[in-house]
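Colleague: Just need the structure, nothing else, for what follows:
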Amino acid sequence: MVSPSSLSKGELPAPALVGLLADFLLKKGWLLASAESCTGGMISAACTDLAGSSNWFERGFVTYSNEAKTDMLGVDAALITAHGAVSEEVARAMVQGAIRHSQARVAVAVTGVAGPTGGSRAKPVGTVWFGFMVDGRLSSEMQRFDGDRAAVRAATVQHALRRLVELLD
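Modeller: Numbers count the residues shown, from 1 in each chain. Just a heads-up that it's a prediction; the model follows:
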């Protein structure tokens, strides 16, 4: 049996994390939304791979371009100009926009540099900012993941799902 205590060991695959996430959301009667840049919808795909996900997954925003972040989520273009798309400020604005533009009480946002290009000294390839909103509580964090583009994106999905489960537990 899968349990939240397994989370600290980092051993649960994405489908098991999605199952835990679904259980928590269904028990609370809450919906989830995602706002994704560097993952291009992979978090939404992981969630909707589970049959019955329409009972707890409300919608996903794939906002790969800066314009999409502004148009779909209401992220202020000046915020992106000032801090860059890959920043705490933008991740927080993205997750707040996902909540505002959905019926969800829980949301996750990711914005990062998956590579192999696009990195800088300040934001090397593998840098990902996460925004989380759970029942009105906003949090954010940055992670750096190793590997190629596929590895960075997979690690981002895994981390997002794991943290959502931790925040809901």
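Colleague: Show me what the helix or strand that contains residue 98 packs onto, helices and strands only.
Modeller: Using DSSP states H and E, residue 98 sits in helix 88-100. The contact analysis (3 or more CB pairs under 8 Å, 6 or more residues apart in numbering; DSSP states H and E) places helix 88-100 against strand 32-36, helix 66-73, helix 77-83, strand 106-112, strand 127-134, strand 137-144. C-beta here means a position set from N, CA and C on the backbone, and glycine is covered the same way.
Colleague: Flag every buried residue along the last one.
Modeller: To tie it back to what came earlier, the one meant is strand 137-144. Using 16 or more other CB atoms under 10 Å as the test for burial, strand 137-144 gives 140, 143.
Colleague: angle of that strand against strand 127-134?
Modeller: 160 degrees (axes from the mean of the first three to the mean of the last three CA atoms, to 10 degrees).
Colleague: swap in the fourth one?
Modeller: Computed by the same axes, to 10 degrees, the angle separating strand 106-112 from strand 127-134 equals 170 degrees.
Colleague: Kindly list the longest helix within this structure.
Modeller: For the chain, the helix reaching the highest residue count under DSSP state H is reported as helix 149-168.
Colleague: Check which residues of that one are buried.
Modeller: By 16+ other CB under 10 Å, the buried positions in helix 149-168 come out as 152-165, 167-168.
Colleague: Now do it, average pLDDT.
Modeller: Mean per-residue pLDDT for helix 149-168: 98.
Colleague: Against which helices or strands is it packed?
Modeller: Short answer (3+ CB pairs under 8 Å, 6+ apart): helix 149-168 packs on helix 14-28, helix 42-48, strand 106-112, strand 127-134, strand 137-144.
Colleague: burial count for the nearest residue to residue 136 once chain neighbours are set aside?
Modeller: Once flanking residues are discounted, residue 136 sits nearest to residue 105: 7.9 Å by CB to CB, 6 or more residues apart in numbering. Neighbourhood size, residue 105 [other CB atoms under 10 Å]: 18.
Colleague: how close does residue 105 get to residue 29?
Modeller: Per CB to CB, to the nearest Å, residue 105 is found 9 Å from residue 29.
Colleague: Check residue 23 too.
Modeller: To residue 29, residue 23 is 12 Å away according to CB to CB.
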